[in-house]
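Pasting a predicted model and its sequence here:
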Amino acid sequence: MERVCVERGEVPPFAEFAERMCPDLEMGGFHAAYYRVLEAFAWGDVRRLIVTVPPQHGKSLGATTLLPAYMLGLEPDLRIAIASYSAALANRFNKRVQRMMDSALYRAMFPETSIKHAGARSDYVRTADRAEVIGRNGELLSVGREGSLTGNRVDVFVLDDLYKDALEANSPLIRDNCWEWYTSVVRTRMHNASRELIVFTRWHEEDLIGKLLEKERVTELTSWSQLERDGGNGWLLLNFEAVKRSPPTEIDPRAEGEPLWGERHSAALLAERMKLDPYRFECMYQGHPSAAQGLLYGDRFTRYDALPQELVRYANYTDTADTGDDYLCSVCYAVDAGQGIYVTDVVYSREGMEVTEELVAAMLRRTPQCDVLVESNNGGRGFARAVSRLCPHHQVGWFCQTANKEARILSNASAVIRNIRMPSDWVERWPEFAHDVLSYRRTFRANRWHDVADVLTGIAEREVCGTLAKRIRALGFKK
């Protein structure tokens, strides 16, 4: 790689450059990490970088407008190409970069980098899709998906949203054409020291990022030290979830359930968006695309506004956490004469048993007298005894679940969907529980947690399938 024309310390950090160039720039807490990662890319510390960001979180301003201007300031001989789903959009990015480079503030920071003024006579080219750096070899190009870059060597590719919308991303033909364009145009314009930055909102599990995950080495970016030792072999992937679900990392240390940019997109607002379309939310906002046909339950549960007047009884099914990383899942429900199961309350928590015992006991005290069934695996017996002491008016029993979890969950899925009803506001009341139910995949190993599916399956086994009938009778329960 050619030596940069300035040294670190001679120019402001990328985040400071962004604030100077855009005085009205609004930045949330995550932007500091985002811009620091982009700065590492600008200096060549990282050669192949994928960043997935939810819509309307400042993704393109940072990566596709500010970053090319900053990199041409660091190294005026770079040939940078911006690509997007259409030439018009790519050119719009190009023109924004050009306007930024025209400013006196930019020229003061980077006096070695200048482009032809619009309308001025010059031997240098400046159009909507191409701008040359005066006196240097640098160039800023823009191209739409499936456009041509014949004869152009590219040092840096910035690919921003190669799919216009869900309709395009869900088209196998367009996805195949995008991959063909990437392999035959983007990759063929690059050389040993070229860099690639892909900044996407995910739409589909088989989009360009999905293809790269399948075919090349991609490492999740979780610590700052990875930027220091990146050797350029393979990709680094940084996914910013709109609502934090994955474990905290050094780069994204948010607590579970915390929104990415709460000042702009609050947890309540994101819950509304998830309610409107859980599948799309998982793709676009969480960066975990899953085709609807790949979901086991999806949003196919019947919803109810009020419990029926004639109920047979109330009950509870609880699965304690298998490991320190798992959830305790405890569900209270009511049953009618036709085997309709109405979920009434939920505790879904990764806290320790000393906390969840109190949470479950409080839930049971809010519920009419019911039979409580606890899976006794991994400490469940002690949990059941503790809850029994806290709720002496409820009958609490436990049993050891020995059947294969995967076989149970998959074979009882239709009974779960057919018989279990959720309150109309269940997504808002229990967002983590709802998220894991709505995004649970048919491919068993694709799921990180199985707690919600395990409990819903256990309820169906208890109330509909008769699988637990003998054990229930042995505990003295009515059902």
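It's in.

okay, the helix or strand where V331 lies in PDB with CA atoms only?
V331 is part of strand 328-335 when elements are defined by DSSP states H and E. Output of strand 328-335 as PDB, limited to C-alpha atoms (Å, rounded to 0.1, in the frame of the first residue of the first chain):
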ATOM      1  CA  LEU A 328     -35.600 -18.500  32.700                       C
ATOM      2  CA  CYS A 329     -39.000 -18.600  31.000                       C
ATOM      3  CA  SER A 330     -42.200 -18.800  33.100                       C
ATOM      4  CA  VAL A 331     -45.600 -18.500  31.400                       C
ATOM      5  CA  CYS A 332     -49.000 -18.200  33.200                       C
ATOM      6  CA  TYR A 333     -52.000 -19.100  31.100                       C
ATOM      7  CA  ALA A 334     -55.700 -19.900  31.200                       C
ATOM      8  CA  VAL A 335     -57.400 -22.800  29.600                       C
END
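
list the helices and strands that strand packs on?
strand 313-319, strand 341-349, helix 353-365, helix 451-460 (3 or more CB pairs under 8 Å, 6 or more residues apart in numbering; DSSP states H and E). C-betas here are computed from N, CA, C, even on glycine.

what's the most buried one of those?
Mean neighbours per residue, mean count of other CB atoms under 10 Å, is largest over these for helix 451-460, with a mean of 25.

Rebuild the helices and strands packed on strand 328-335 as JSON lines, extending it with distance to A81.
JSON lines is the format used below for the helices and strands packed on strand 328-335 (distance: least, CB to CB, whole Å):
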{"stretch": "strand 313-319", "distance to A81": "52"}
{"stretch": "strand 341-349", "distance to A81": "47"}
{"stretch": "helix 353-365", "distance to A81": "53"}
{"stretch": "helix 451-460", "distance to A81": "45"}
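
Take those and write them to a markdown table, including mean pLDDT.
Below are the helices and strands packed on strand 328-335 laid out as a markdown table (pLDDT from 0 to 100):
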| stretch | mean pLDDT |
| --- | --- |
| strand 313-319 | 94 |
| strand 341-349 | 97 |
| helix 353-365 | 94 |
| helix 451-460 | 95 |
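
what about those, which gets the closest to D252?
Among the helices and strands packed on strand 328-335, strand 341-349 comes nearest to D252, with 21.7 Å by CB to CB.

in its sheet, what does the closest one sit against?
Using DSSP bridges, the strands paired with strand 341-349 in its sheet are strand 328-335 (antiparallel), strand 420-423 (parallel).

mind giving me JSON lines with these and columns for distance to W449, mean pLDDT and mean neighbour count?
Output for those, formatted as JSON lines (distance: least, CB to CB, whole Å; pLDDT from 0 to 100; neighbours: other CB atoms under 10 Å):
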{"stretch": "strand 328-335", "distance to W449": "9", "mean pLDDT": "96", "mean neighbour count": "24"}
{"stretch": "strand 420-423", "distance to W449": "18", "mean pLDDT": "97", "mean neighbour count": "20"}
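
pLDDT value on the residue most central in space within the chain, please?
By CA atoms, centre = their mean, the chain has its centre lying nearest to Q286, at 2.2 Å. pLDDT, Q286: 93.
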